[in-house]
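Visitor: only the shape, not the letters, is given here:
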């Protein structure tokens, strides 16, 4: 972060840079488009006293509105939906940038941020299913097919997004340390959960229950990563990981960051908009099921291999 003098009188360039997670994990489309717009929203929100969570909630309504617009076969209404979805994602960028700008970090904010994207795409999936059952001869005759495809696609989407987020946070952990990452431990979350009471902390316990399960699913996808994390805790009980290990892991992990970005928002939306312009929304489901699932499998195999190699090097005393 900037020093005290810079913080007192920040330049636009330095302040904008400080709102980014890291150049390692930023996607080119975000850097060229969403992050500058998000920064402007964040600056406005800071002046008005709007919180990051309020921006996230606003993005939910915009994203659901986009989904509603995709129900209609009218292209102009679809274009309005596209603009609403772009607006929603600029808010999704702004909430994180505002949080980093004002240091308003919270686990609730992270949960809301993930929930917002889930609600956007849930509304989009429902709209596509209802639309295809009306406009497609095949799906009109077999209406259950598109719903089954949508449910399977949604489950795959959840796995893809969770894995991409987890790999990104693990990379940030080695790049910026614990404070620069939102990497969680399921065991620690369960311990925290056990201290909460349903009668006294209902909403906090409910949200933490869902978040703990989300983290458990991420850990289940990455067994070799969990082995590496345990070995790191064993070798470096102080939590201070040697710089040469951090740099070595970052070098191996960095080429995979471009794939985490493909599994995130921008390339999904490019595929979605293309399918809508072609008047074949179902193609979006095919893209997620075939292309993104293949990419997910590739990422898991590559990343698990990297983690196994580093675990072996730790046990062999290289670090």
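Guide: Perfect, I can see it now. What you see is a predicted model; the values in this text were computed from it and never measured. Numbers count the residues shown, from 1 in each chain.
Visitor: for the stretch 1-150 of the chain, which residues score under the pLDDT cut-off?
Guide: Flagging of the stretch 1-150 of the chain using pLDDT under 70 yields the residue ranges 1-15.
Visitor: could you identify the longest helix within the chain?
Guide: The single longest helix within the chain, with elements called by DSSP state H, is helix 143-176.
Visitor: for it, packing partners?
Guide: helix 107-135, helix 137-141, helix 202-221, helix 243-253, helix 257-262, helix 282-286, helix 293-315 (3 or more C-beta pairs under 8 Å, 6 or more residues apart in numbering; DSSP states H and E). Using the backbone N, CA and C atoms, a C-beta is placed for each residue, glycine as well.
Visitor: of these, which is nearest residue 169?
Guide: helix 202-221 (8.9 Å; C-beta to C-beta).
Visitor: and the closest one, how far from the chain's centre?
Guide: Relative to the chain's own centre, helix 202-221 is displaced by 15 Å; criterion: C-alpha atoms, centre = their mean, to the nearest Å.
Visitor: likewise stretch 262-271?
Guide: Distance of stretch 262-271 from its chain centroid, counting by C-alpha atoms, centre = their mean, is 11 Å.
Visitor: and stretch 250-263, what's buried?
Guide: 250, 252, 253, 256, 257, 259, 260, 261, 262, 263 (16 or more other C-beta atoms under 10 Å).
Visitor: distance of residue 282 from residue 151?
Guide: In this view, residue 282 and residue 151 are 14 Å apart by C-beta to C-beta, to the nearest Å.
Visitor: check contacts around the residue nearest the centre of the chain.
Guide: The residue lying closest to the centre of the chain (C-alpha atoms, centre = their mean) is residue 165, at 4.8 Å. The contact partners of residue 165, taken as C-beta atoms under 8 Å, 6 or more residues apart in numbering, are 114, 218, 260.
Visitor: looking at these, which is nearest residue 24?
Guide: Closest to residue 24, out of all of these and judged by C-beta to C-beta, is residue 260, at 10.4 Å.
Visitor: let me know the pLDDT of that closest one.
Guide: With respect to pLDDT, residue 260 scores 93.
Visitor: who's sitting farthest from the centroid in the chain?
Guide: The chain, C-alpha atoms, centre = their mean, max distance from centroid: residue 141 (36.5 Å).
Visitor: could you say what helices and strands the strand or helix carrying residue 232 packs with?
Guide: Taking DSSP states H and E as the criterion, residue 232 maps to helix 223-235. Applying 3+ C-beta pairs under 8 Å, 6+ apart, one finds that helix 223-235 contacts helix 293-315.
Visitor: at 10 Å instead, please
Guide: Contacts defined by 3 or more C-beta pairs under 10 Å, 6 or more residues apart in numbering; DSSP states H and E place helix 223-235 against helix 143-176, helix 202-221, helix 243-253, helix 293-315.
Visitor: wait, which of those helices is closest to residue 92?
Guide: Closest of these to residue 92 is helix 143-176, at 12.5 Å (criterion: C-beta to C-beta).
Visitor: give me the angle between the closest one and helix 202-221.
Guide: Here helix 143-176 runs at an angle of 90 degrees relative to helix 202-221 (axes from the mean of the first three to the mean of the last three C-alpha atoms, to 10 degrees).
Visitor: hmm, who's touching the helix holding residue 232?
Guide: With contact meaning C-beta atoms under 10 Å, 6 or more residues apart in numbering, helix 223-235 is reached by 166-167, 170, 173-174, 183, 185-186, 218-220, 222, 239, 241-242, 245, 249, 300, 303-315, 317, 319.
Visitor: can you do 7 Å?
Guide: 170, 219, 241, 303, 304, 307, 308, 310, 311, 314, 315 (C-beta atoms under 7 Å, 6 or more residues apart in numbering).
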